[in-house]
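Trainee: Take this sequence and fold it.
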Amino acid sequence: MHTMLDFKPLNTLSIHLDGLIKGRLWLKVIIGLILGAGLGVLINPATGIVSESISQIAANWLDLPGQVFMRLVQMIMIPLIFTSIITGIVSNTSENLKSFGLKLLLYFLFTTMISITIGLILTLIMKPGKYIYNLGGFPNNGEQSLISEETTSFTENIPTTISNLIPNNPLESILTGEMLAVVIFTVIIGVAITQLQKKTANPIIRFTSAIQKICMIVVSWAMMLVPFAVFGLMAALLSRIGIDIFIGLGYYMLVILAGLLLLLIFYMILLLMVGKNPITFLKAIREPQLLAFSTSSSAAVMPISMKTADEKLGVSSNISDFVIPIGATINMDGTAMSQCATTLFMAQAYGMELSTMNLLLITFTVVAASIGTPAIPGGGIIILASVLQSVGIPMDGIIVIVGLDRVLGMFKTAVNVTGDLTACVIFNKFFGVKKPGKQLTEIPVRITEP
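Mentor: Below is the predicted model:
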């Protein structure tokens, strides 16, 4: 049925990025990070080299390339996700799509629950918030009750919340950036397209392919700014944040990084379970991981992730075109783990005791919130505020967390992208089309003679 659809998968349209990759873009990004960090420390008013006013002016200008880059990414994020999901859907048979789509959703929910469990256990054991509490805690310590009235109404309105996932006005969802609503709308449209006849469907697919090409050209323009954007953003960040903040909250950062490492190990175990070599996998995804680390945006790395999945991991285009755009929107395992750990950290810093019911409520809220987390830098902070509010934890401490989130966000995004690519490899094992010479190295079952 689907041979009628004349389109090119997104990963074959990334030819505009080839020159950047061959030009060692990842190395330029690392150099930009190091030089930006050095400059940021130098122009920090705490060093006494420059005045606070000059430091502020310099930071604003250093932010410019990064702001331009992020605006370009946000500008094409929705059309890129829209066209990529449709491409992934129409390249699957209708029977395959039913089982594949449902299993993908269950897989994402499973990995999200595992990530939240890691965050819960790690924070409850290491208690990073107790250190802050012993120093006096955050502002407004103890001024809010443990459970707010909004918590009760939230749990009572779960059916309404579920029904509201389907947008009654898709254009409004697009304009307001409600990514989950956009994804659900796109999936519905994509499935409907598969029911069309050849003559009717082909113009739609050609239009979708043209939009993909336009998005890839814009992405290639944005990617040329990446080294300069990373340099400026890192310099501006360290020029505004005092070194003492990093030292005082270093334990909290250590807990988050430990949780992300455990989550990464969990992904490697999943790969071993399907007979794939984790070492080969990590070597193959170096490019998207480094770009995710430097940009803190899953959406910005999406084309590179697709290209890597297709060319280095041997994943079928129908798998990568469907899994990665959806994963970049709803599969935020690193973010979910961090939000859960940060919520408990904030409760500990305020000296608040959480019951088992509170922990379950946090888990449910983080699952729902992580699905709607924007795939852009700082998107997790917006969702974190709603999670804190749902259990009555004061949000004043977010002001301190915001400064650290830009640093931790780089690690979280790298883990998020790793999770999406892991899902691609796993689902390609069962649903993909074999491509000779491009398959990810598998773990040998027995020793063979050389």
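Trainee: If you count neighbours, what's buried in stretch 61-74?
Mentor: 62-63, 65-66, 68-70, 72-74 (16 or more other CB atoms under 10 Å). The C-beta positions use only the backbone N, C-alpha and C, and glycine is treated the same way.
Trainee: Ok, stretch 308-322 next?
Mentor: By neighbour count with 16+ other CB under 10 Å, stretch 308-322 contains the buried residues 308-310, 312-322.
Trainee: Just flag the most distant two among those residues.
Mentor: Greatest spacing in those, by CB to CB: K312 and F322 (18.5 Å).
Trainee: immediately after the top helix by length along the chain, which helix or strand?
Mentor: Looking across the chain with DSSP state H, the single longest helix is helix 52-90. Counting by DSSP states H and E, the next helix or strand C-terminal to helix 52-90 is helix 94-126.
Trainee: Now V182: closest residue in space, sequence neighbours ignored.
Mentor: S173 (5.5 Å; CB to CB, 6 or more residues apart in numbering).
Trainee: Secondary structure element holding the one you found?
Mentor: Element membership of S173, judged by DSSP H and E, is helix 170-176.
Trainee: Which positions in that helix come out as buried?
Mentor: For helix 170-176, using 16+ other CB under 10 Å, the buried residues are 170, 173-174.
Trainee: right, and L42 touches S55 too?
Mentor: No: using CB atoms under 8 Å, L42 makes no contact with S55, being 9.6 Å away.
Trainee: Neighbour count: the two, which is higher?
Mentor: S55 (21 against 15; other CB atoms under 10 Å).
Trainee: Tell me which residues touch the more buried one, please.
Mentor: S55 makes contacts with 43-45, 239-240, as judged by CB atoms under 8 Å, 6 or more residues apart in numbering.
Trainee: Pull the number of nearby residues for G259.
Mentor: When counting by other CB under 10 Å, one arrives at 26 neighbours for G259.
Trainee: make that T200, sorry
Mentor: Neighbours of T200 (other CB under 10 Å): 10.
Trainee: from the middle of its chain, how far away would the helix or strand containing it be?
Mentor: Per DSSP H and E, T200 falls inside helix 198-224. Remark: helix 198-224 is offset 23 Å from the chain centroid, using CA atoms, centre = their mean, to the nearest Å.
Trainee: the inter-axis angle of the longest helix of the chain versus helix 198-224?
Mentor: 160 degrees (axes from the mean of the first three to the mean of the last three CA atoms, to 10 degrees).
Trainee: now helix 52-90 against helix 94-126, angle please.
Mentor: Going by the same axes, to 10 degrees, helix 52-90 makes 140 degrees with helix 94-126.
Trainee: now helix 52-90, how far from the centre of its chain.
Mentor: Offset of helix 52-90 from its chain centre (CA atoms, centre = their mean): 14 Å.
Trainee: Residue numbering should commence at 586 henceforth.
Mentor: In the new count, where the first residue is 586, that last one comes out as helix 637-675.
Trainee: residues near the nearest residue to K1014 once chain neighbours are set aside, how many?
Mentor: Distance criterion CB to CB, 6+ apart; nearest residue to K1014, sequence neighbours excluded, is V859 at 4.9 Å. Counted with other CB under 10 Å, the neighbours of V859 add up to 16.
Trainee: now the buried residues of helix 755-761 as a markdown table including distance to V811 and pLDDT?
Mentor: Shown next, in a markdown table, are the buried residues of helix 755-761 (distance: CB to CB, whole Å; pLDDT from 0 to 100):
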| residue | distance to V811 | pLDDT |
| --- | --- | --- |
| P755 | 31 | 81 |
| S758 | 29 | 75 |
| I759 | 26 | 75 |
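Trainee: ok, the residues you listed vs K715, which is closest?
Mentor: Taking the buried residues of helix 755-761 together and measuring to K715 by CB to CB, the closest member is S758, at 41.3 Å.
Trainee: And the helix holding T785, what does it pack against?
Mentor: helix 603-607, helix 637-675, helix 764-778, helix 883-896 (3 or more CB pairs under 8 Å, 6 or more residues apart in numbering; DSSP states H and E).
Trainee: tell me the angle that helix makes with helix 764-778.
Mentor: 150 degrees.
Trainee: residues in contact with the helix or strand just after helix 783-809?
Mentor: For helix 783-809, the following helix or strand on the C-terminal side (DSSP H and E) is helix 811-825. Outside helix 811-825, the residues that touch it by CB under 8 Å, 6+ apart are 610, 613-614, 616-618, 620-622, 624-626, 628-630, 640-641, 643-651, 653-655, 876, 879-880, 988, 991-992.
Trainee: now these: which count as buried?
Mentor: Burial by neighbour count, 16+ other CB under 10 Å: within the contacts of helix 811-825 this picks out 610, 613-614, 617-618, 621, 624-625, 628-630, 640, 643-644, 647-648, 650-651, 653-655, 876, 879-880, 991-992.
Trainee: Got the confidence number for T1003?
Mentor: According to the prediction, T1003 has pLDDT 95.
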